[in-house]
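okay, predicted coordinates and the sequence, questions at the end:
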Number of protein chains: 2
Amino acid sequence: MAKNEVFQFSLISALMDGVASHGTPISRVLAHGDHGLGTFRNMVGEMIVVDGEVYQMKHDGSVIHVNPEDTITPFATVTRFQATTKTKASVTGKKDLKELLTRLFPSSKNHFLAIRMDGVFRKINFRTAGGQCRPREGMVDVCARQAEHTFEGEKGTIVGFRCPEYVMGINVAGDHLHFISEDRQRGGHILSFETDGEVEVGISQMSNFHLELPTEDEEFNTAALAKDEKGIKAVEG
Amino acid sequence: MAKNEVFQFSLISALMDGVASHGTPISRVLAHGDHGLGTFRNMVGEMIVVDGEVYQMKHDGSVIHVNPEDTITPFATVTRFQATTKTKASVTGKKDLKELLTRLFPSSKNHFLAIRMDGVFRKINFRTAGGQCRPREGMVDVCARQAEHTFEGEKGTIVGFRCPEYVMGINVAGDHLHFISEDRQRGGHILSFETDGEVEVGISQMSNFHLELPTEDEEFNTAALAKDEKGIKAVEG
């Protein structure tokens, strides 16, 4: 796949419906990108893909460097990232980031953006999903048991995407960001953050979106996949 | 692109918002498929792609064999079609077709299907959109002026897709079918149809969806692209 195109396996609505028993080998996802996020079988932890390396950030605080050949993902979004705009910015929260993205890419509201930030974060709140208690347990219930943590003065990398409103349900509309510390020992799904002074920000706008659906997966085939916008915003916003 | 994958340029919501002044050369769309449907600049007529040939079916009843190099489409959906299931069936209307598809592909409700039917149609009602009266005129208004015709005992080909519910707004959820007569002189967007005895039916299930968005198109960039499910069903149902 060319640079700065979105590749996605399965749907966020499928996770909402608890479709997470099966999936695709992460090595197949990595064939389409080196920057991204997702989750693992049974929603055990948060996935981050940085520079082509995959990490599983688990509920108990541990981080595992994943072998992509023998690990399955039920949902992932990646791109072969090459920032077309690089800048330094001080960012206090998601609202600030949204304003920065709008200023740098004023015509991008109906396109996709890939985002990377490297630097020191004064404060960063994140969550890690602990996994399903049973097959088909939906994401709202899984996230009701999520662990929440706060880092202060942590150096690391934020990886994420901004998706347009019209993909809500297929992916997460708006900004979706994961964080991993520089030593690759801590991280998760970002709930809120602020930088400690300026950080490096790299962004690319993307106009090609490739969606691969699970096949021969009865969980997926029978799922309702109704767009639960409120639920998605609650667990992914 | 591989066989039996969906390629789509722009969004049905963009047409709903009247985004139809620009687009992409049809030759670029044909690089991804030989079977499909769509429209032309300013929504002038209905597009059908059969065996890699492109036809413009216009409001006045004329059909033009299109040169894909010098013609632009603001919206198209195609696949490199290879039927994985072939059958003969007598089909009385869209409800019948839906039941046939469900019987042949019982696990396909969350996937895409490409459909082709060849044979004699006892009755076939279709419409052709006449085009925008002004830039940004939305599809509901354009279709309020559509021409409607009925053929009886017409031999020809139906080309279409069934899309899953969750792509509503991006594409048309449900069945979307265009027809062209065997002599390539008549056709349009199907409103209703029934076969005259059995026709040849070819279907493929598709699990890969590729979306290319318009770039450097201010109409697209500024469009609201809100999901107008009722409106889409009214004009594309």
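Nice, I can see it. Residues are numbered from 1 along each chain as shown, chains lettered A, B, ... in the order given.

can you list the buried residues in stretch A:42-51?
For stretch A:42-51, the neighbour count (16 or more other CB atoms under 10 Å in any protein chain shown) marks A:42-50 as buried. Bear in mind the C-beta positions are built from the backbone N, C-alpha and C, glycine included.

how long is it end to end?
25 Å (CA to CA, to the nearest Å).

could you do stretch A:56-72 as well?
Terminal residues of stretch A:56-72 are spaced 11 Å apart (CA to CA).

you'd agree A:Asn199 is up against A:Lys88?
Rather than Asn, residue A:199 is Val. Yes. Counting by CB atoms under 8 Å, A:Lys88 is a contact partner of A:Val199 at 6.9 Å.

who's more crowded, the two?
A:Val199 (22 against 11; other CB atoms under 10 Å in any protein chain shown).

quick check: closest non-adjacent residue to that one.
A:Gly119 (2.8 Å; CB to CB, 6 or more residues apart in numbering or on different chains).

which residues are in contact with the one you found?
A:155, A:195-200 (CB atoms under 8 Å, 6 or more residues apart in numbering or on different chains).

and the residues you listed, which are buried?
Judged by 16+ other CB under 10 Å, buried ones among these: A:195-196, A:199.

what segments of chain A are helices?
Taking DSSP state H, the helices of chain A run over residues A:12-16, A:26-30, A:93-104, A:139-144, A:218-222, A:229-236.

show me which positions of the fourth one end up buried.
Meaning helix A:139-144. A:139-140, A:142-143.

residues contacting the residue nearest the centre of chain A?
Closest to where the C-alpha atoms of chain A average out (CA atoms, centre = their mean) is A:Leu37, at 3.4 Å. Contacts here follow CB under 8 Å, 6+ apart; on that basis A:Leu37 touches A:46-49, A:76-77, A:159-161, A:176-178, A:189.

and the residue lying closest to it once chain neighbours are set aside, how far from chain B?
Excluding the flanking residues, the one nearest A:Leu37 by CB to CB, 6+ apart is A:His178, at 4.5 Å. Per CB to the nearest CB, to the nearest Å, A:His178 is found 24 Å from chain B.

pretty sure A:His178 contacts A:Val159?
Yes. If you go by CB under 8 Å, A:His178 and A:Val159 touch, sitting 5.5 Å apart.

spit out the residues that contact these two alike.
A:37, A:48.

quick one: contacts for A:Ser90?
A:195, A:197-199.

buried ones in the worst-scoring helix or strand of chain A on mean pLDDT?
Lowest mean confidence among the helices and strands of chain A (mean pLDDT, DSSP states H and E): helix A:229-236, at a mean of 85. The neighbour-count check on helix A:229-236 (16+ other CB under 10 Å) flags A:231-232, A:235-236 as buried.

nearest to chain B among those residues?
Distance to chain B across the buried residues of helix A:229-236 (CB to the nearest CB) is lowest for A:Ile232, with 12.2 Å.

how much space separates that closest one from A:Glu165?
12 Å (CB to CB, to the nearest Å).

same deal with A:Val6?
15 Å.

ok, now A:Ile124?
26 Å.

check A:Phe126 too.
25 Å.

quick one, which of those two is more surrounded?
A:Phe126 (25 against 16).

contact partners for A:Thr73?
Applying CB under 8 Å, 6+ apart, the residues near A:Thr73 are A:9, A:23-26, A:29, A:38-41, A:47.

for the closest residue in space to A:Leu191 that isn't next to it in sequence, name its beta-bridge partners.
Excluding the flanking residues, the one nearest A:Leu191 by CB to CB, 6+ apart is A:Asn125, at 4.3 Å. Going by DSSP bridges, A:Asn125 is paired in beta bridges with A:Thr150, A:Ser192.

mean confidence score for stretch A:174-182?
Per-residue pLDDT values over stretch A:174-182 give a mean of 96.
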